[in-house]
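In: how would this look folded up:
(one chain, ligands or ions: 1)
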Amino acid sequence: MPADGPSPGLDVLATPRLRGERLRAAHGELLAGELYRDERVMATLGGRVLGEAEQAAALERGLAHWTDHGFGTWVFTAAEDRFVGHGGLRRYELPEEPAPVVALLYHLAADAWGAGYATEIAAASTRVAFEHLGSDVVWSWTQPANHASRRVMEKCGLRFVREAPFAGLAHHFLRVTRSEWEVRTPGARTGS
Ligand SMILES: CC(C)(COP(=O)(O)OP(=O)(O)OC[C@H]1O[C@@H](n2cnc3c(N)ncnc32)[C@H](O)[C@@H]1OP(=O)(O)O)[C@@H](O)C(=O)NCCC(=O)NCCS
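Out: Residues are numbered from 1 along each chain as shown. Next up is the predicted model:
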């Protein structure tokens, strides 16, 4: 991965149907209303809605990640600026891995589920990790009962590696290596 730092080229991320805009402080209220205060969304993200301080902390984490690492998450909208979700890439330290990993995350507004949008966000983010960040592996993880999220990962080429705790809850960890991704992705830029 290149040295951490700002990446103006990543400020916008397009998918076939969505436009992702780099997370900004001004997105805070939108994310809180559409995601963090919605029980349906939070059911698979820790099991409860977030209080105000937690909402602010979640936003601050996302903003600091861009500042510290030069990549992060985007806020995605469909036609006519309809909010769809928040997702992208984040760096994590996992106890089972010797070095920090790059992981996919995606949180969609409940009224946008079931239309293939999470898969678009995850696929575009995976491409950024391999083609722009120079990652060798992309990870993601989800609670075992979150079959839709697992399916999104599998559609992007990730495969099950292990079950392990994350944030105190059992999770299934999946990953895809650069070479696995290149084989299955038309137009992948290889050898970078
Ligand atoms: C999980 C989530 C991201 C899925 O988003 P989405 O846009 O509906 O996902 P997609 O439409 O791209 O793909 C979902 C896939 O899962 C499948 N699926 C949905 N519910 C399923 C279930 N209960 N069991 C098995 N597969 C299921 C869909 O059929 C689809 O697969 P297909 O294209 O092969 O038919 C969305 O529901 C969400 O944001 N939930 C709340 C936050 C969350 O859990 N985020 C992930 C944390 S790891």
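
In: Okay, the nearest residue to A122 once chain neighbours are set aside and the ligand: tell me how far apart.
Out: Using CB to CB, 6 or more residues apart in numbering and skipping residues adjacent in sequence, the residue nearest A122 is C156, 4.7 Å away. In this view, the C-beta of every residue, glycine as well, is placed from N, C-alpha and C. From C156 across to the ligand, the span is 10 Å (CB to the nearest ligand atom, to the nearest Å).

In: I121 is in contact with C156, correct?
Out: No: applying CB atoms under 8 Å, one finds C156 not in contact with I121, separated by 9.7 Å.

In: Looking at those two, which one has more neighbours?
Out: I121 (29 against 25; other CB atoms under 10 Å).

In: Tell me where this protein has strands.
Out: Ranges of strands in the chain, per DSSP state E, are 12-14, 19-22, 73-77, 83-92, 101-108, 137-142, 159-166, 169-177.

In: Counting by contacts, list what the fifth one packs against.
Out: Taking 3 or more CB pairs under 8 Å, 6 or more residues apart in numbering; DSSP states H and E as the contact definition, the neighbouring helices and strands of strand 101-108 are strand 83-92, helix 117-131, strand 137-142, helix 147-155.

In: For the strands of the chain, give me CSV that also has mean pLDDT and distance to E29.
Out: Listed next are these as CSV, based on pLDDT from 0 to 100; distance: least, CB to CB, whole Å:
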stretch, mean pLDDT, distance to E29
strand 12-14, 97, 21
strand 19-22, 98, 15
strand 73-77, 98, 12
strand 83-92, 98, 11
strand 101-108, 98, 15
strand 137-142, 98, 27
strand 159-166, 97, 28
strand 169-177, 97, 28
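
In: want to throw those into JSON lines with mean neighbour count and distance to A188?
Out: What follows is the strands of the chain, written out as JSON lines (neighbours: other CB atoms under 10 Å; distance: least, CB to CB, whole Å):
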{"stretch": "strand 12-14", "mean neighbour count": "15", "distance to A188": "17"}
{"stretch": "strand 19-22", "mean neighbour count": "19", "distance to A188": "20"}
{"stretch": "strand 73-77", "mean neighbour count": "25", "distance to A188": "21"}
{"stretch": "strand 83-92", "mean neighbour count": "23", "distance to A188": "17"}
{"stretch": "strand 101-108", "mean neighbour count": "23", "distance to A188": "17"}
{"stretch": "strand 137-142", "mean neighbour count": "24", "distance to A188": "13"}
{"stretch": "strand 159-166", "mean neighbour count": "12", "distance to A188": "17"}
{"stretch": "strand 169-177", "mean neighbour count": "18", "distance to A188": "12"}
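
In: Okay then, goodbye and thanks.
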